[in-house]
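[1] Fold the following for me, if possible:
(chains A, B, C and D)
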2 protein chains.
Amino acid sequence: MTKEKRYQKITKFTVAVDCIVFGFDGTRLKILLIKRGLEPEKGKWSLMGGFVNEDESADIAANRILKTLTGLEGIYLEQFHTFSSPERDPVQRTVSIAYFALIDINKYKESINTDFEAEWFPIKEFPHLIFDHNEMVLLAQKKLQYKAASHTILFELLPDKFTLPLLQSLFEDVFNTSFDKGNFSRKMLSTKLLIKQKEKDKSNSKKGAYYYKLDKKHYEDNLHKILKLIPNPNNLL
Amino acid sequence: MTKEKRYQKITKFTVAVDCIVFGFDGTRLKILLIKRGLEPEKGKWSLMGGFVNEDESADIAANRILKTLTGLEGIYLEQFHTFSSPERDPVQRTVSIAYFALIDINKYKESINTDFEAEWFPIKEFPHLIFDHNEMVLLAQKKLQYKAASHTILFELLPDKFTLPLLQSLFEDVFNTSFDKGNFSRKMLSTKLLIKQKEKDKSNSKKGAYYYKLDKKHYEDNLHKILKLIPNPNNLL
DNA sequence: ACAAAAGTGTTCGTAGTACACCCATGG
DNA sequence: CCATGGGTGTACTACGAACACTTTTGT
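    Presented below is the predicted three-dimensional model:
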């Protein structure tokens, strides 16, 4: 390569977006997969993805694609890595910008788009995926942990009202560990970001657990002073 | 967009790599910039970058480009974000995969490649850059902090032998804060990753400060139990 | 009344902070 | 011999981990 190299000689690439869509059904952390609609590998399980158009940024494209495939708008989306190995797509040279998405699984149920065969799989036992999508899922999980350790993004996975035990089981699943319920609840409440509701959820116990809502007013202001929930926030990446 | 959409209709993009090269001269954290060698914006300051070739991954391309521009190999490189706004390059639709690089500024001096006009600028006062490169630098700084808070990557910026006061001033500059010297040294030493040398550096004081080396044997094993050096590892991203 | 889940209290150990103090040595 | 930066000692505090204990209520 010389100083004088010009744009016109440069190889061009197809640019795709792939999304790892996380959901939580109250018991287990899951990801949403789809039966691929085009060759190659048509009919096999894959991540939700598509191509970036001429006039779009990758963020815009990811939102558009998720809306098309799930019917949902305003989903939490975060770019986490770009995959560019020459071998990753056997048909043609494609670079994929990968995102993870967090959605409330109940909202998804309401507006499901049945044009596409999508299905939720537990994060621990999903089928083999096409191309390098398995690798993408693994990295997405790590990035989710990394980010969740000091931010409130996991609330995106829950309904408006949720109980502390439910929140705890979500955290336990995301970090693949278990927490002391007493310490967990105190730590959560100490952030002052949860507003106690009057109703209880009695579906899981006789006593019932109070519902809480995330305080969205303070939410934005307090992103800086959130919890250090994870025993050891190191070894995550 | 329909299920039947085929690959061949898809827009193709030029794919570039841009590197934010960090260095530390013993006093201040700096970045390495270059006078752009091709139109548009020829002659203006820009990040070190280039285009990804047909048969390369972005990682390979980034290494190649850094070698070409600085003469250095084996530099610490980490992909951190992909920029894809349609407006980012005025000439043609280009997606840029951005990396941050960490190099020992002394090694750079030895093998400098003078074909290119490169220059170090303090991270606090660098010139205006082309395209969205300023934005890239800002994000790179944040990612560097984020990662450095729980990993040993900052040692990539130092020579083999370094003193604790030097290490401290690097940390202070990266995190834009100050630490108690006593606590800093104890915390560092407690990781058991530093090996004390016999010589002292007397350039900064009469008493002199011992040199240390990073224990590269334990380095790999201990990436999990590293320091929590930063007062509040939150509010970083 | 008892099982089972929710939630509270209490103890203990450790890690961070602040700051006073000692050390070595070149001028 | 003293100013300067390097380095140690120590007391205080806060927070996390663990776990025993109390509360609630449907069966």
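[2] Would you mind listing what in chain A touches DNA strand D?
    Applying C-beta under 7 Å from any atom of the strand, we find that chain A lies next to DNA strand D at A:180, A:182-183, A:187, A:202, A:205-208, A:228, A:231. Yep, even glycine has a C-beta here, placed from its N, CA and C like the rest.
[3] Give me the residues contacting the longest helix seen in chain A.
    For chain A, the longest helix by residue count, based on DSSP state H, is helix A:133-148. For helix A:133-148, the external contacting residues (C-beta atoms under 8 Å, 6 or more residues apart in numbering or on different chains) are A:18, A:20, A:22, A:31, A:46-47, A:78, A:80-81, A:83, A:96, A:98, A:100, A:123, A:126, A:128-129, A:153-154, A:171, A:174-175, A:230, A:236-237, B:237.
[4] Going through those residues, which ones are buried?
    Among those, those classed as buried by 16 or more other C-beta atoms under 10 Å in any protein chain shown are A:18, A:20, A:22, A:31, A:46-47, A:78, A:80-81, A:83, A:96, A:98, A:100, A:123, A:126, A:129, A:153-154, A:171, A:174-175, A:230, A:236-237, B:237.
[5] Looking at those residues, which are in helices?
    Among those, the members found in helices (DSSP H) are A:171, A:174-175.
[6] Strictly from the record, what residue spans define the domains of chain A?
    If you go by automatic domain parsing, the domain ranges for chain A are A:13-148, A:160-221.
[7] Now do the buried residues in stretch A:71-87.
    Applying 16+ other C-beta under 10 Å to stretch A:71-87 flags A:71-72, A:75, A:77-85 as buried.
[8] can you list these in CSV and add pLDDT?
    CSV is the format used below for those (pLDDT from 0 to 100):
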residue, pLDDT
A:71, 88
A:72, 87
A:75, 92
A:77, 96
A:78, 97
A:79, 97
A:80, 97
A:81, 98
A:82, 98
A:83, 97
A:84, 96
A:85, 95
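[9] Can you flag which of those belong to strands?
    A:77-83 (DSSP state E).
[10] Closest one of the residues you listed to residue B:52?
    Comparing these against residue B:52 with C-beta to C-beta places residue A:82 closest, at 10.5 Å.
[11] Please identify the nearest residue in space to the closest one, excluding sequence neighbours.
    Spatial nearest neighbour of residue A:82, chain neighbours left out: residue B:82 (4.3 Å); criterion: C-beta to C-beta, 6 or more residues apart in numbering or on different chains.
[12] So the longest strand seen in chain A, near chain B or not?
    Counting residues, the longest strand found in chain A (DSSP E) is strand A:12-24. Yes: looking at strand A:12-24 against chain B by C-beta under 8 Å from any C-beta of the partner chain, the contacts come from A:12-15.
[13] And the closest residue in space to residue A:181 that isn't next to it in sequence, how far from DNA strand D?
    In this structure, residue A:181 finds its nearest non-sequential neighbour in residue A:168, 6.4 Å apart by C-beta to C-beta, 6+ apart. Going from residue A:168 to DNA strand D by C-beta to the nearest atom of the strand, to the nearest Å gives 13 Å.
[14] Remind me what whatever helix or strand residue A:168 lives in packs against, helices and strands.
    Element membership for residue A:168, per DSSP states H and E: helix A:164-175. Secondary-structure packing of helix A:164-175 (3 or more C-beta pairs under 8 Å, 6 or more residues apart in numbering or on different chains; DSSP states H and E): strand A:29-35, helix A:133-148, helix A:181-190, strand A:209-214.
[15] any residue of stretch A:29-39 up close to chain B?
    Yes: Stretch A:29-39 is in contact with chain B by C-beta under 8 Å from any C-beta, via A:37-38.
[16] re the thing from before, could you dump the residues of chain A next to DNA strand D to a markdown table with pLDDT?
    Conversion of those to a markdown table gives the following (pLDDT from 0 to 100):
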| residue | pLDDT |
| --- | --- |
| A:180 | 92 |
| A:182 | 92 |
| A:183 | 92 |
| A:187 | 89 |
| A:202 | 90 |
| A:205 | 89 |
| A:206 | 91 |
| A:207 | 90 |
| A:208 | 89 |
| A:228 | 51 |
| A:231 | 50 |
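[17] Isn't residue A:42 up against residue A:36?
    Yes: applying C-beta atoms under 8 Å as the test, residue A:42 and residue A:36 come out as touching, 5.6 Å apart.
[18] So between these two, which is more surrounded?
    Between residue A:42 and residue A:36, counted using other C-beta atoms under 10 Å in any protein chain shown, residue A:36 has the larger neighbour count: 22 against 12.
[19] quick one, what contacts that one?
    A:42-46, A:130.
[20] For the residue nearest to residue A:181, give its distance to residue A:61.
    From residue A:168 across to residue A:61, the span is 36 Å (C-beta to C-beta, to the nearest Å).
[21] more neighbours, those two?
    residue A:61 (22 against 18).
[22] just checking, what packs against the one helix or strand that one maps to?
    Following DSSP H and E, the helix or strand that holds residue A:61 is helix A:58-70. Here helix A:58-70 touches strand A:12-24, strand A:48-51, strand A:76-83, strand A:94-102, going by 3+ C-beta pairs under 8 Å, 6+ apart.
[23] what is the mean pLDDT for it?
    Averaging pLDDT along helix A:58-70 yields 94.
[24] Other residues contacting that helix?
    Counting by C-beta under 8 Å, 6+ apart, A:15, A:17, A:19, A:21, A:32, A:34, A:48-53, A:56, A:72-73, A:75, A:77, A:79, A:97, A:99, A:101, A:103, A:108, A:111-113, A:116, A:118, B:1, B:82, B:84, B:95 sit against helix A:58-70.
[25] and DNA strand C, which of those residues contact it?
    The overlap between the contacts of helix A:58-70 and the neighbours of DNA strand C (C-beta under 7 Å from any atom of the strand) is empty.
[26] In TSV: the residues of strand A:12-24 next to chain B, plus pLDDT and neighbour count.
    Shown next, in TSV, are those (pLDDT from 0 to 100; neighbours: other C-beta atoms under 10 Å in any protein chain shown):
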residue	pLDDT	neighbour count
A:12	93	16
A:13	95	19
A:14	95	20
A:15	96	27
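[27] and of the residues you listed, the nearest to DNA strand D?
    Using C-beta to the nearest atom of the strand, residue A:15 comes nearest to DNA strand D of those, at 42.0 Å.
[28] these two touch, right, that closest one and residue B:14?
    No: Residue A:15 is not in contact with residue B:14 according to C-beta under 8 Å; the separation is 9.9 Å.
[29] Give me the common contacts of those two.
    With C-beta under 8 Å, 6+ apart, residue A:15 and residue B:14 have common neighbours residue B:95.
[30] Name the residues of chain A found near DNA strand C, please.
    For chain A, the residues in contact with DNA strand C (C-beta under 7 Å from any atom of the strand) are A:163-165, A:181-183, A:185-186, A:200, A:204-210.
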